[in-house]
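Peer 1: quick check, what structure comes out for this input:
(4 chains)
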Protein chains: 2
Amino acid sequence: MWDLFHKHISRYVSLTEKEFEPVKSFFVPRRYKKKQFILQEGDVCRHESFIVKGCTRTYDISPEGQEHILQFGIEDWWIGDLYSYLSGTASRCNIDCIEDTEVLQITREQQEALFAEVPAMERFFRILIQNAFIASQSRILTNLSRSGKERYADFIAQYPLIDQRVPDHQIASYLGLTPQSLSRIRSRRV
Amino acid sequence: MWDLFHKHISRYVSLTEKEFEPVKSFFVPRRYKKKQFILQEGDVCRHESFIVKGCTRTYDISPEGQEHILQFGIEDWWIGDLYSYLSGTASRCNIDCIEDTEVLQITREQQEALFAEVPAMERFFRILIQNAFIASQSRILTNLSRSGKERYADFIAQYPLIDQRVPDHQIASYLGLTPQSLSRIRSRRV
DNA sequence: CGAAAATTTGACATGACTCAACTGGAGTGG
DNA sequence: CCACTCCAGTTGAGTCATGTCAAATTTTCG
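Peer 2: Residues are numbered from 1 along each chain as shown, chains lettered A, B, ... in the order given. Just a heads-up that it's a prediction; the model follows:
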């Protein structure tokens, strides 16, 4: 578990085994069962979670009762509602598990302490958010300019691993389509 | 100019007048005329630009030749193509000026030097990107769940200042609508 | 096996797009 | 200062992608 985590961090900042050692103590491992919630709408998001194993979805529910998936999470990804986490306000998002999931969690206070003790980790999180922001901007452009068919093609090209693990109707929700439309797209009768 | 900039920074990290003084030297003021490009597709984005005065648009052009506006920029905002800026690869975006515009620019190298000399500025940029990411996620949710009419209403509620300064067809592009559709929405004949 | 969930299919409705024409204002050059 | 052009915005008519509602079928899983 910690090995994977160290490798993950090393992808962005260099950290020797010895420097990494104290980092561990700021994170708490936790397991969730399939269908269990990591965050529920109305609660404050108290952790950033690194997925060691499993698969999650982050979504909100519109006033009309429709779910909209903002993000899927699999191994090596971080999940959480950053706005709620930083501001301490109630989240509008839900995060639940599509599979049994293991995460490493850190709280806001622990994160601040970690930054003070291991400055490289502040840099690490900055890079992480930069990448997330870039991906997010790219998704906005795709949503603005591509048809449902094209967005689906992009999705399976970009996230083949997720496509295999997540039911179609949730992919439809991520792409902003109804399950029926996605089904027709898949069967090429569009 | 520097006053506005200092105030802007102080909104996120505390920096006395004395601490702020050396920060100035890392930024270069620059003026652009209306319709002039700050960044052109295919070029590498060499600066992050803080807008002191003026109004800009960041957009890409799809293979079909359609423009899609990713972001408007007005006073107190930062613009640039972060991906190109960080990776040094050619940008797919254009940034041009809707009005005569004054900016303060920093290069990647200067930014690294700034972080080394004034660590609070690394924190400042982290917070900035966090906020940008949060806004970006929120826009994705809006795009997924709201009709054109609702997205337009949201836009004028959220950015009344931009609405007044930018032609309608560019707002349409930002919202993912054709100018015709936006015109019909505006005249309530949906 | 049987219930619940996921997916598919059909019929129809509709929001948004395309193409095309027209209006009105801003800027330009003679 | 007028004629001219250009561009933004509006309007109309027809089309298409996607949505809605409803039901049938298949898959999953206790």
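Peer 1: how far does stretch A:62-69 sit from its chain's centre?
Peer 2: Between the centre of stretch A:62-69 and the centre of its chain there are 19 Å (C-alpha atoms, centre = their mean, to the nearest Å).
Peer 1: so for it, what gets flagged as buried?
Peer 2: A:Glu67, A:His68, A:Ile69 (16 or more other C-beta atoms under 10 Å in any protein chain shown). All C-beta spots, glycine's among them, are computed from the backbone N, C-alpha and C.
Peer 1: same deal with stretch A:19-26?
Peer 2: Applying 16+ other C-beta under 10 Å to stretch A:19-26 flags A:Phe20, A:Val23, A:Phe26 as buried.
Peer 1: okay, these in JSON lines with secondary structure next?
Peer 2: Shown next, in JSON lines, are these (DSSP: H, G, I helix; E, B strand; the rest coil):
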{"residue": "A:Phe20", "secondary structure": "helix"}
{"residue": "A:Val23", "secondary structure": "helix"}
{"residue": "A:Phe26", "secondary structure": "coil"}
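Peer 1: out of these, which is nearest to DNA strand D?
Peer 2: If you rank the buried residues of stretch A:19-26 by distance to DNA strand D using C-beta to the nearest atom of the strand, A:Phe26 comes first, at 34.9 Å.
Peer 1: contacts for stretch A:10-21?
Peer 2: A:Trp2, A:His6, A:Ile9, A:Val23, A:Val118, A:Ala120, A:Met121, A:Arg123, A:Phe124, A:Ile127, A:Leu128 (C-beta atoms under 8 Å, 6 or more residues apart in numbering or on different chains).
Peer 1: swap the cut-off to 7 Å and go again
Peer 2: With contact meaning C-beta atoms under 7 Å, 6 or more residues apart in numbering or on different chains, stretch A:10-21 is reached by A:His6, A:Ile9, A:Val118, A:Ala120, A:Arg123, A:Phe124, A:Ile127, A:Leu128.
Peer 1: nearest to A:Ser87 among the residues you listed?
Peer 2: A:Leu128 (18.6 Å; C-beta to C-beta).
Peer 1: residues in contact with the closest residue to the closest one other than its chain neighbours?
Peer 2: Of all residues not flanking A:Leu128 in the chain, A:Trp78 sits nearest, at 6.4 Å (C-beta to C-beta, 6 or more residues apart in numbering or on different chains). Under the criterion of C-beta under 7 Å, 6+ apart, the contact list for A:Trp78 reads A:Glu48, A:Ser49, A:Phe50, A:Leu128.
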